[in-house]
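In: From the sequence below, what's the structure:
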Amino acid sequence: MPAPVITRVSGTIGAEVSGVRLGGDLAADLVAELRLALLAHKVIFFRGQHHLDEAAQVAFAALLGPLTTAHPTVPSLNGHGNILDLDYSNGHKVDRWHTDVTFIDRPPTASVLRAVDVPAAGGDTLWANTVAAYENLPSDLRTLLNGLRAVHTNVHDYVRIATADDPSKARKYAEVFASTVYESEHPVVRVHPETGERSILLGDFAKHLVGLPRDVSASVIALIQDRVTQVENTVRWRWSPGDVAVWDNRATQHRVVHDFGGQRRRLHRVTIAGEVPVGVDGRPSTVVSGDASAYTPTAA
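Out: Below you'll find the predicted structure:
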């Protein structure tokens, strides 16, 4: 098989990989090459993988590491315990920047997202490079963040539900999402276990900084999030059916651009189990509440 062609999509994050037909039968050396591309570019994209079905998507994801179940609280796609069905016709609206499942102590290593149905226009996804965001901060601000920790939770912001496109559907989804409450305390800056890079671990599940008054905490989080999501740190992907995105959940945040109104948008996500984040000071994340052992195995 010819070597894959890897083309950068933006200057800071993202690359498109061509010449690869995804599935569970990829050779070990090709999987290793894809993993290196993922570490280097933080998110990699594969166009037109129309041959993939649910089983083949799961089989490919399993080549990257042990899999989690679909989600700690949201039911999986029928008959596919590893797939989270992101069907936006059910009131699903993830329009805030976040890193996946940071409310547990072992957030996923990576996610594999496949486009099933996409709008004729709109519905793009944005990713931000949280390593670049950290490296571009003033040195004094990096020093401050190195010593901070944040509590992340899946408890929903009900003010946002009141302003949702369909508050009734959004409320039902939020009740399922927070049916079991999970909270974890993470370092605001984690050390990447494979590259040694430092990345910012915040996003929409981060509710407050430990030891700071709530108003100060909110201001600091807003300041840092603004730096993470600067345009220069991001890449934007326009979906076509069959497209697949794989991102390093330890070095990115992402969000949907919710500009597609009532058009159909449905994607399937599979996540690879992660390890406990460790801060610059060597302190690991800790559980505040909730037992997520049924969701994520211990990563090898």
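
In: quick one, strands of the stretch 201-300 of the chain?
Out: In the stretch 201-300 of the chain, the strands defined using DSSP state E, counting those that start in this stretch lie at 206-209, 234-237, 244-248, 252-256, 266-272, 286-289.

In: Quick one, which of those gets closest to residue 35.
Out: Nearest to residue 35, of all the strands of the stretch 201-300 of the chain, is strand 244-248, at 9.5 Å by CB to CB. Placement of C-beta: from N, CA and C, glycine included.

In: Name the residues of stretch 18-33 that are buried.
Out: For stretch 18-33, a neighbour-count test (16 or more other CB atoms under 10 Å) marks 20, 22, 23, 26, 33 as buried.

In: Of the residues you listed, which belong to strands?
Out: Using DSSP state E, no member of the buried residues of stretch 18-33 falls in strands.

In: Quick check: the two most widely separated of the residues you listed?
Out: Greatest spacing in the buried residues of stretch 18-33, by CB to CB: 23 and 33 (15.5 Å).

In: check contacts around the nearest residue to residue 18 once chain neighbours are set aside.
Out: Excluding the flanking residues, the one nearest residue 18 by CB to CB, 6 or more residues apart in numbering is residue 5, at 4.7 Å. Shown in contact with residue 5 (CB atoms under 8 Å, 6 or more residues apart in numbering): 17, 18, 19.

In: Give me the three-state assignment for the first one.
Out: Think residue 17. What DSSP: H, G, I helix; E, B strand; the rest coil gives for residue 17 is strand.

In: What separation is there between it and residue 28?
Out: Distance of residue 17 to residue 28, given as CB to CB, to the nearest Å: 17 Å.

In: mind listing what the nearest residue to residue 96 once chain neighbours are set aside touches?
Out: Once flanking residues are discounted, residue 96 sits nearest to residue 204: 4.0 Å by CB to CB, 6+ apart. The contact partners of residue 204, taken as CB under 8 Å, 6+ apart, are 96, 97, 98.

In: Residue 218 now?
Out: Residue 218 neighbours (CB under 8 Å, 6+ apart): residue 208.

In: Quick check: which ranges of this protein have low pLDDT?
Out: Within the chain, the stretches with pLDDT under 70 are 1, 90-94, 156-178, 298-300.

In: just the helices in it please.
Out: Ranges of helices in the chain, per DSSP state H, are 28-41, 54-62, 130-135, 139-146, 158-162, 167-177, 214-228.

In: about what we covered before: looking at the buried residues of stretch 18-33, which is nearest residue 13?
Out: residue 33 (18.7 Å).

In: For residue 50, find the nearest of the strands of the stretch 201-300 of the chain.
Out: strand 244-248 (10.5 Å).

In: neighbouring strands for the closest one, and are they parallel or not?
Out: Paired neighbours of strand 244-248 in the sheet (DSSP bridges): strand 43-46 (antiparallel), strand 110-117 (antiparallel).
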